[in-house]
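Enquirer: Here's my sequence, what's the structure:
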Amino acid sequence: NINLIVRIMSLKRIQVITLLASFVVLHGFSQNNPVIDAFPKGTVLHGNLPYNQDDLPKHLLDIYLPPDVKAKVPLVVFIHGGGWLVNDKYADIGYMRNTVAEIISSGFALASIDYRFATQAIFPAQIQDCNRAISFLYDHADQYGFDKNRFAVMGFSAGGHLASLVGLSKNDNIHSFFMPGTTKLFSFKAVVDFYGPAELILFPGNNDPKSPESLLIGASPLSRPDLAKAASPVTYVDKNDPPFLIVHGEKDDLVSPKQSQLLSSWLTVAGVQNELIIVKDAPHYGAMFDVDDIRNKVVGFLKKQLK
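Expert: Next up is the predicted model:
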């Protein structure tokens, strides 16, 4: 019976499609995610989640969950770099593949977030977006299996600046750093800062209105030191801040290692646990930060603080 054969073939096709769809969900593979192959097999991806109830492309985040989770897991919030002007939530993962893979393999979830560029909105829009994204993750912790009491934040370059700023300013309750309705209940157990600016007025372009830091705050730092101070992580250092791991390249020609040295010094003066690693001969970013020694430091720090 031809009709019966057609029906059987149709059912088999539906079964295959359903199986493939299940495979995509269970294994986290996505045609739209260019870095999913950096993660261990079985990683569960929840991609392009809108965190601000709007349709802005820069208000999206990706969640990567370890496979076979049996209990609530710690969360590492990942903030990309790009001079507050370029890149997206996939950037930095590409050259930190081994590190992000080990974070997942160690039983941590990772959430990579996007935020508005300085050309779209000047500061504090960027930290508002970061706090909003973290608020979303906190509010949906039960849905995705996060432990609300074990959050860490990690960032690279401009993302390192924002990660430090988020981690340091949270206990100061800076009203302008939060969008209306943003949950403020979250806190951080640890901050990992890869070569992030700590004091904007230290930049050599501090009098150039077209420099990235000037575009960020809408004026050159020398002409508006008040704005530069408000956007500088060192402004918010106090004794109640979470532990820091700071990593910087010795030969960084975009963000001077002095930025991280200054942040580490301020943290030490305030009595905040911190470690500064200067990577010999390393530039501003790249695979030199994904080597065994650095990766072991980062993952070991996260395990200690998020245990």
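Enquirer: Partner strands of the longest strand seen in the chain, with direction?
Expert: Criterion DSSP state E: the longest strand present in the chain is strand 146-156. Counting by DSSP bridges, the strands paired with strand 146-156 are strand 73-79 (parallel), strand 190-194 (parallel).
Enquirer: Now mean pLDDT, mean neighbour count and distance to residue 256 too, for the ones you listed, in JSON lines please.
Expert: Yep, even glycine has a C-beta here, placed from its N, CA and C like the rest. Formatted as JSON lines, the strands paired with strand 146-156 follow (pLDDT from 0 to 100; neighbours: other C-beta atoms under 10 Å; distance: least, C-beta to C-beta, whole Å):
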{"stretch": "strand 73-79", "mean pLDDT": "98", "mean neighbour count": "26", "distance to residue 256": "20"}
{"stretch": "strand 190-194", "mean pLDDT": "99", "mean neighbour count": "29", "distance to residue 256": "14"}
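Enquirer: CSV for the ones you listed, including distance to residue 285?
Expert: Formatted as CSV, those follow (distance: least, C-beta to C-beta, whole Å):
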stretch, distance to residue 285
strand 73-79, 14
strand 190-194, 8
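Enquirer: looking at the ones you listed, which is closest to residue 209?
Expert: strand 73-79 (25.6 Å; C-beta to C-beta).
Enquirer: Please list the outside residues in contact with that closest one.
Expert: By C-beta atoms under 8 Å, 6 or more residues apart in numbering, the list of residues contacting strand 73-79 from outside reads 65-66, 89, 92-93, 100, 103, 107-113, 115, 130, 133-134, 137, 141, 145-147, 150-156, 159-160, 162-163, 166, 189, 302, 306.
Enquirer: thinking in terms of the whole chain, how far from its middle is the longest strand of the chain?
Expert: Relative to the chain's own centre, strand 146-156 is displaced by 9 Å; criterion: C-alpha atoms, centre = their mean, to the nearest Å.
Enquirer: Taking strand 190-194 as reference, get the angle to the helix or strand just after it.
Expert: Per DSSP states H and E, strand 146-156 leads on to helix 158-169 as the next helix or strand towards the C-terminus. Going by axes from the mean of the first three to the mean of the last three C-alpha atoms, to 10 degrees, helix 158-169 is angled at 150 degrees with respect to strand 190-194.
Enquirer: Check which helices and strands helix 158-169 sits against.
Expert: strand 73-79, helix 125-139, strand 146-156, strand 190-194 (3 or more C-beta pairs under 8 Å, 6 or more residues apart in numbering; DSSP states H and E).
Enquirer: can I get these in JSON lines with distance to residue 39?
Expert: JSON lines is the format used below for the helices and strands packed on helix 158-169 (distance: least, C-beta to C-beta, whole Å):
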{"stretch": "strand 73-79", "distance to residue 39": "12"}
{"stretch": "helix 125-139", "distance to residue 39": "18"}
{"stretch": "strand 146-156", "distance to residue 39": "15"}
{"stretch": "strand 190-194", "distance to residue 39": "18"}
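Enquirer: contacting residues around residue 209?
Expert: 219, 220, 223.
Enquirer: ok, and the most crowded of those residues?
Expert: Highest neighbour count within the contacts of residue 209: residue 220, with 23 neighbours (other C-beta atoms under 10 Å).
Enquirer: Fine by me, thanks again.
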